[in-house]
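Novice: sequence first, then the predicted structure:
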Amino acid sequence: MSAPLAEDPARKLVFEGCFNFRDLGGYPTFDGRTTRWRRLFRADGLSRLTEADMAIFRDLGVATVIDLRTVLEADTQGRFPEDVDGVAYHHLPLTDTLPGEEETPDWDRAAFVSERYLAMLSEGTETVTAAIRILADPRRQPAVFHCSVGKDRTGVLSGLVLGFLGVPDDVIVDDYALSYEAMLQLLENLKERYPDSSEIVERYRPVILSAEPASMAGFVAGVRSTYGSFDALAGTLGLSPEVDALRSEFLEPT
């Protein structure tokens with residue numbers, strides 16, 4: 001079982017202003033290597049980081065922030081400060097819109113969520129390509145990528161990056177499932193922050209809490225079914241050199 005690897009106490013970083021900031025280090029690959037610690041992070045929104053959070057963030061030495069949120073989200077929620085020394089901010093929306101209220105009941109179905117994730121990949125190939133090229137550049141590391149809650153769009157890019165690195169499918173799924181506990185915290189925080197909109201927050205509960213392992217398992221299976229392998233997907237996207245660079249930079253030697 002790979003779940004203990006995903007639950008390594010070094011994996012989750014505790015911040016006051018976000019709830020789902022995690023390190024993608026320590027995961028095994030098919031060729032016997034391991035992903036490096038403190039080089040690549042996934043997160044939820046970074047616009048509410050406190051002074052104490054920023055001190056932790058600076059200690060991590062992050063050089064690059066990739067924001068996968070829509071333009072509307074970035075404009076209304078705020079962006080990562082562009083004046084933080086040594087940190088380059090890239091806004092690369094993976095989707096143009098957020099799920100509508102009419103879709104919320106469907107997010108209880110893992111198959112529906114998997115289909116949504118595959119649609120994000122097919123419709124957001126330019127963003128995926130740009131993000132991988134940024135991450136593969138050693139001058140832009142360590143790096144963090146994020147969306148609003150750090151689960152869906154972030155989960156898609158994380159699944160792809162880990163797949164490109166050769167991390168086994170079950171480990172990719174276990175990493176995705178870690179978001180559930182963070183989503184419980186985030187849901188309660190949203191209710192506290194927007195007490196007058198608690199009914200709206202509650203209506204989106206299925207979307208927020210949807211972190212079923214089967215959802216990511218279906219996405220990974222869909223990638224393999226459509227493209228044959230993650231290497232083949234990289235070739236289709238013209239990213240084979242970048243994936244080689246990713247492996248060189250983010251994997252510990254055998």
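Specialist: In hand now; what should we look at?

Novice: and the nearest residue to Gly78 once chain neighbours are set aside, how far from Val171?
Specialist: Residue nearest to Gly78 in three dimensions, not counting chain neighbours: Ser47, with 3.6 Å by Cβ to Cβ, 6 or more residues apart in numbering. Backbone N, C-alpha and C define where each C-beta goes, glycine included. Distance, Ser47 to Val171, by Cβ to Cβ, to the nearest Å: 30 Å.

Novice: Met54 now?
Specialist: Computed with Cβ to Cβ, the distance linking Met54 and Val171 is 31 Å.

Novice: the two - which one has more neighbours?
Specialist: Between Met54 and Val171, Val171 has the larger neighbour count (other Cβ atoms under 10 Å), namely 19 against 15.

Novice: which of the helices or strands spans the more buried one?
Specialist: helix 169-177 (DSSP states H and E).

Novice: hmm, back to that, quick one: secondary structure of the residue nearest to Gly78?
Specialist: On the three-state scheme (DSSP: H, G, I helix; E, B strand; the rest coil), Ser47 is labelled coil.

Novice: give me the pLDDT for it.
Specialist: For Ser47, the pLDDT comes out at 91.

Novice: residue contacts, it?
Specialist: Listed by Cβ atoms under 8 Å, 6 or more residues apart in numbering, the contact set of Ser47 reads Gly17, Gln77, Gly78, Arg79, Phe80.

Novice: one more: Gly238?
Specialist: Contacts of Gly238 by Cβ under 8 Å, 6+ apart are Thr129.

Novice: Ala131 versus the residue nearest to Gly78, what's the distance?
Specialist: 19 Å.

Novice: try Asp231
Specialist: The gap separating Asp231 from Ala131 is 18 Å, by Cβ to Cβ.

Novice: and these two? Which one has more around it.
Specialist: A direct count of neighbours by other Cβ under 10 Å for Asp231 and Ala131 places Ala131 higher, at 22 against 15.

Novice: for the more buried one, give me phi and psi.
Specialist: phi -60, psi -40 (degrees, to the nearest 10).

Novice: so for it, what's the pLDDT?
Specialist: Listed pLDDT for Ala131 reads 98.

Novice: stretch 183-197: which residues count as buried?
Specialist: Met183, Leu186, Leu187, Leu190 (16 or more other Cβ atoms under 10 Å).

Novice: narrow these to those in helices?
Specialist: Met183, Leu186, Leu187, Leu190 (DSSP state H).

Novice: mind listing what the third one touches?
Specialist: Applying Cβ under 8 Å, 6+ apart to Leu187 gives the contacts Val201, Arg205, Ile208, Leu209.

Novice: which of those residues count as buried?
Specialist: Val201, Ile208, Leu209.
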